[in-house]
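Asker: Output the structure for:
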Amino acid sequence: MNKDVEKILFSQEQICERIKELGAQITKDYAGKKLVLLGVLKGCYVFLADLARNIDLDVEIQFLTASSYGFSSVSSGKVNVNEAIDFEIKGRDIMLIEDILDTGVTLTALRAMVLKQKPASLKTCTLLDKPERREMQFTADYTGFVCPNEFVIGYGLDFGERYRNLPYVGSLKKEIYE
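Answerer: The predicted structure is shown next:
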């Protein structure tokens, strides 16, 4: 375990098993359709890669970069989308893939942005859901784990661009982020 981790919340094995379950459910729900997985960088990259390998469908993978945290441990409340969507959304089945649903600010803004382009359907999938921190009403269609109100890192999630490579999700020691 990394020295900056207070405790492991979700082990590599737990995450692997849950992603298999999510992949199977998405495969069933989208049977016969071509699904576009639209990943929100940077945090989703590990989750999206593993999820995509567990979906037995013809999928297209696209990315966009959005953030409301920057190098802070607190959301700014303003979503910065760093890339315009450069592929056709109209009439397609889109699934937004996010690492964590926290305040709801980022996914609410991205959902509205994608809906303006008239997809056939739009669903959301998040590895972690932290409902205690919600500022905007938002419920993901697919959720890996409900997460306690702790600062989490690992499995793609970071603090100041560090810890993304940890194979588990853990809580960061307070003295590191305060």
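Asker: For the rest of this, base every contact and every neighbour count on C-alpha atoms.
Answerer: Fine.
Asker: Can you tell me the centre-most residue of this protein?
Answerer: Closest residue to the average C-alpha location of the chain: E98 at 1.6 Å, with CA atoms, centre = their mean.
Asker: Just say helix, strand or coil for that one.
Answerer: Three-state assignment for E98 (DSSP: H, G, I helix; E, B strand; the rest coil): strand.
Asker: ditto for T124
Answerer: T124 ends up strand, using three-state DSSP.
Asker: So the closest residue to it other than its chain neighbours versus G160, what's the distance?
Answerer: Nearest residue to T124, sequence neighbours excluded (CA to CA, 6 or more residues apart in numbering): L96, at 4.7 Å. Using CA to CA, to the nearest Å, we find L96 at a distance of 23 Å from G160.
Asker: Run through the helices of this structure in chain order.
Answerer: Residue ranges of the helices in the chain, as given by DSSP state H, are 12-29, 45-53, 105-115, 174-177.
Asker: Which one's more surrounded, L96 and G160?
Answerer: L96 (25 against 13; other CA atoms under 10 Å).
Asker: Enumerate every residue touching the more buried one.
Answerer: Shown in contact with L96 (CA atoms under 8 Å, 6 or more residues apart in numbering): 37-40, 111, 122-125.
Asker: nearest to C147, of these?
Answerer: C125 (14.4 Å; CA to CA).
Asker: can I assume K20 is in contact with N54?
Answerer: Yes. Applying CA atoms under 8 Å as the test, K20 and N54 come out as touching, 5.7 Å apart.
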